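**Student:** the following comprises the amino acid sequence and a computationally predicted model.
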Amino acid sequence: MNKNKVIARQQWKFMLYNLIAFTLFFAVFGTIIFAQMKTTLFAKTDSELMNSRDMIQSGFKNTSESSEQPERNSTRNKGVPSPLEPRQGFSPRIILIEWDASGKIMNAQQMGMRYYEIFQNLKLDKQTLNSISEITIDSTYHFRTISVKNPLVNGDIIQLVINVDAEQNLVDHFKQIIILCSAIFILLSITVSFFLSKKTMKPIINSWNRQVEFVENASHELRTPLTIIQNKLELLQTTPDKKIMDRFENIALSLSETRRLSRLTTDLMTLARADSTETQLEKQSIDLDTFIDNVCSPYMEIAEMQDKKVYLQLNSQTKVMADSGRMHQLMVILLDNALKYTGEHDRITISTSLQENKIVIEVSDTGIGISEAGIGRVFDRFYREDRARTRGSGGSGLGLSIAQWIVQSHNGTIQAIHNEPKGMIFRIKLPK
């Protein structure tokens, strides 16, 4: 499948996931805020309804205990105070409606003509006794209401009603704001999701490109020695009667390419394990100066044979917690590079010191150096400044990548710096 199509499809998936997450977040957040706001707005009206209900029920109880219940019609005709009449502490906002068993309003005169006209078409809902509910009349008037049984008259219902037009207007207005804000946030989340998906895909694309480049370069590097070995063995096969002495050069070249192939596969395995975090470091306390002196000793002899000078300036006088095997590999890589890219009478210097509470190791040389363009890519895998020359000298372009991984795995940093007037400096900083 085409790479761009795969990446585009995965990016749209990430965008969709982010958009769904943002939308759910805004929906839940808006719902919670709206519910809390509505509950707070109606808290006072509901409290008034509940208190008024309790007052009426307690009034009924006192009335029934102090005197016998008079006939309803005779009581009103004689002007005897009714338990439904407002009393001290009773909310003036509450309207009382008395219903008989047949669902007819019995206290129209007490309500007044204005309220009676509003509620005359209202139907009593007996399913909502003792629970607060909402009613809307003519799509204009909004009320909160609670109904209780009238203990003085069997079958009658007393309904308490309070107007909440102001509160409902606030709720409706707040709902519009929530919907508008949610729409704006969703539109913004589309944009944010797009940029987040691109940002999420960036390391994946980089990893993909690195993997493709790694496979291509590894295949190329492996193909070269394998081709040489195959050609030389096929040549030997064509002359089975020849002695080893007659084909010594072919055998020696095959062995050389086999060794190079072995080193290359070892380096590839090291980097593969580094990427998978499979390789574990076995850290121990190391006397840094003594350790580097021991590592450099054989290279000083090799440099002397090549008419090069190696100088040691070991002044750290400290110990470091490190994996001795990996640190040895690190120093070998840097020393090997220094020897490869220096000529006769060139100088190689290995120094250690303490700077700003950091252990600093420097390997500098006066060799051919690296170009300005190449210094930024020197730690890239398979990068070589001069491919033809380094292949001839056995380089694969993996050494400095491995060196960088070793340093980073020790929580340190490594830099490639131009040495003046010529050559390179590789500066390593490790935590003390």
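**Tutor:** Perfect, thanks for sending it.
**Student:** wait, what's in contact with Arg326?
**Tutor:** 281, 406, 409-410 (CB atoms under 8 Å, 6 or more residues apart in numbering). Where C-beta positions appear, they are placed from N, C-alpha and C, glycine not excepted.
**Student:** change it to 7 Å
**Tutor:** If you count contacts by CB atoms under 7 Å, 6 or more residues apart in numbering, Arg326 has them with 281, 406.
**Student:** next: the one 4 residues further on.
**Tutor:** Leu330 makes contact with 403, 406-407 under the criterion CB under 7 Å, 6+ apart.
**Student:** packing partners for the helix or strand harbouring Met55?
**Tutor:** Using DSSP states H and E, Met55 sits in helix 3-66. Judged by 3 or more CB pairs under 7 Å, 6 or more residues apart in numbering; DSSP states H and E, helix 3-66 is in contact with strand 94-99, strand 141-149, strand 157-163, helix 165-238.
**Student:** lowest-scoring secondary structure element of the chain by mean pLDDT?
**Tutor:** helix 72-77 (a mean of 42; mean pLDDT, DSSP states H and E).
**Student:** quick one on the thing from earlier: for the record, mean pLDDT for the helix holding Met55?
**Tutor:** The pLDDT scores in helix 3-66 average 81.
**Student:** repeat that for stretch 144-152.
**Tutor:** 85.
**Student:** run through who's touching it.
**Tutor:** 42, 45-46, 49, 53, 57, 60, 63-64, 69, 83, 128-135, 156-162, 164.
**Student:** thinking again about what came up before, can you check which of the helices and strands packed on helix 3-66 gets nearest to Phe248?
**Tutor:** Nearest to Phe248 among those is helix 165-238; the distance by CB to CB comes to 11.1 Å.
**Student:** about what we covered before: looking at the contacts of Leu330, which is nearest Phe174?
**Tutor:** Using CB to CB, the contacts of Leu330 come closest to Phe174 at Val407, 58.7 Å.
**Student:** quick one, helices of the stretch 251-400 of the chain?
**Tutor:** 288-305, 324-340, 387-392, 399-409 (DSSP state H, counting those that start in this stretch).
**Student:** pretty sure Gln11 contacts Met201?
**Tutor:** Yes - when contacts are counted by CB atoms under 7 Å, Gln11 is listed as touching Met201 (4.9 Å).
**Student:** would TSV of the helices and strands packed on helix 3-66 with distance to Ser254 be doable?
**Tutor:** Putting these into TSV (distance: least, CB to CB, whole Å) gives the following:
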stretch	distance to Ser254
strand 94-99	105
strand 141-149	96
strand 157-163	101
helix 165-238	5
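**Student:** could you dump those into a markdown table with mean neighbour count and distance to Lys38 added?
**Tutor:** Formatted as a markdown table, the helices and strands packed on helix 3-66 follow (neighbours: other CB atoms under 10 Å; distance: least, CB to CB, whole Å):
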| stretch | mean neighbour count | distance to Lys38 |
| --- | --- | --- |
| strand 94-99 | 21 | 20 |
| strand 141-149 | 19 | 12 |
| strand 157-163 | 22 | 16 |
| helix 165-238 | 14 | 5 |
